[in-house]
Each structure stands twice: as C-alpha cells, then as structure tokens.
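Trainee: A predicted structure for the sequence below; I have some questions about it.
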Amino acid sequence: MTTTSARQGLAFIRCVLAALIFVHGVARVLADGVVPFGGFLEARGFPLGVALAWAVTLFELLAAPLLAWGRWVTPLALVFSGIYACGIWLVHAPAGWFVVGLGRNGAEYSVLLIAGLLANAWAHRRRILPHDGAVP
C-alpha cells in the first residue's frame, strides 16, 4: 500500500463519517427533535438540556463539513467521539450491543463511528517528537 492510497482511504472514511454526522444533525432539526432531545437530557440530570441539545446539533451541522474538508480533524474528531461516547452511556449501552437483528438501538454503530473518528484524530495529530521517537 502506498502512502497516497492510505491517505485517500483515510480521507474517504473521514468524509463518510462527516456525512453521517451531518445527516444526523439535519434529521434532528427536520424532525423537530432538538427540544425532545433536550428534554431527554434534562430528565437524565443535565442542566439546560435544550441548550445542550442545540449545541450538539449545531456542532454536528457546523463541524461535520470542516471535518470532511480536513480542517481541525483531531480536535473535532475528539469532541465528536466524546459526544457519541455519551450517547453510548445514556442510550445505546442500556439497549445492548446490536443495533438490529439480535437487539435494537445498541452500541455497535456508535462504537464504529468512534473508532473511525479516533483513527482520524490519531492520523491527523501534530507530532511533538521526531518520527523516530528520539527526544531532541
């Protein structure tokens, strides 16, 4: 595998992840789901649930195109990973592992999103040490 093909493959995954995240935010807005999402958060003890729901939704809508474009990949991917890890904790883990088939609304899809996001965060991180790991 060449470096170019590896970069292209990673860019493809990054763009697919960004598209999935963006559509998730669009669907929430179009289905008038932001306020119910906020109520769900408030019912679980989060203060200002509707404001938090809007913040998550706007982040999905505004940051996903930046992720696809390859801008600020590491911080954006880490924030998205945190958001979807909270989704696993609050929603998906109690429903089990499987999204369909042997279960409903489980964690497997979110785990896959997080894995792809973390792989992109890792690949786009700024290197502090030289490539050989030697301390300067």
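Mentor: On my side now, so go ahead. Numbers count the residues shown, from 1 in each chain.

Trainee: how far away is Ala119 from Ala64?
Mentor: Plainly put, Ala119 is 17 Å away from Ala64 if you go by C-beta to C-beta, to the nearest Å. Bear in mind the C-beta positions are built from the backbone N, C-alpha and C, glycine included.

Trainee: More neighbours: which of those two?
Mentor: Ala64 (23 against 15; other C-beta atoms under 10 Å).

Trainee: Would you mind confirming that the more buried one is in contact with Ala18?
Mentor: Yes: counting by C-beta atoms under 8 Å, Ala64 touches Ala18, with 4.4 Å between them.

Trainee: on contacts alone, who are the packing partners of the helix or strand where Leu20 lies?
Mentor: Secondary structure from DSSP states H and E places Leu20 in helix 3-30. Judged by 3 or more C-beta pairs under 8 Å, 6 or more residues apart in numbering; DSSP states H and E, helix 3-30 is in contact with helix 49-69, helix 108-123.

Trainee: Any idea how far it is from the middle of the chain?
Mentor: Distance of helix 3-30 from the chain centroid (C-alpha atoms, centre = their mean, to the nearest Å) equals 10 Å.

Trainee: Now do it, average pLDDT.
Mentor: Confidence for helix 3-30, expressed as mean pLDDT, is 96.

Trainee: circling back: just put the helices and strands packed on helix 3-30 in JSON lines and tack on distance to Gly82 and mean pLDDT.
Mentor: What follows is the helices and strands packed on helix 3-30, written out as JSON lines (distance: least, C-beta to C-beta, whole Å; pLDDT from 0 to 100):
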{"stretch": "helix 49-69", "distance to Gly82": "10", "mean pLDDT": "98"}
{"stretch": "helix 108-123", "distance to Gly82": "9", "mean pLDDT": "97"}
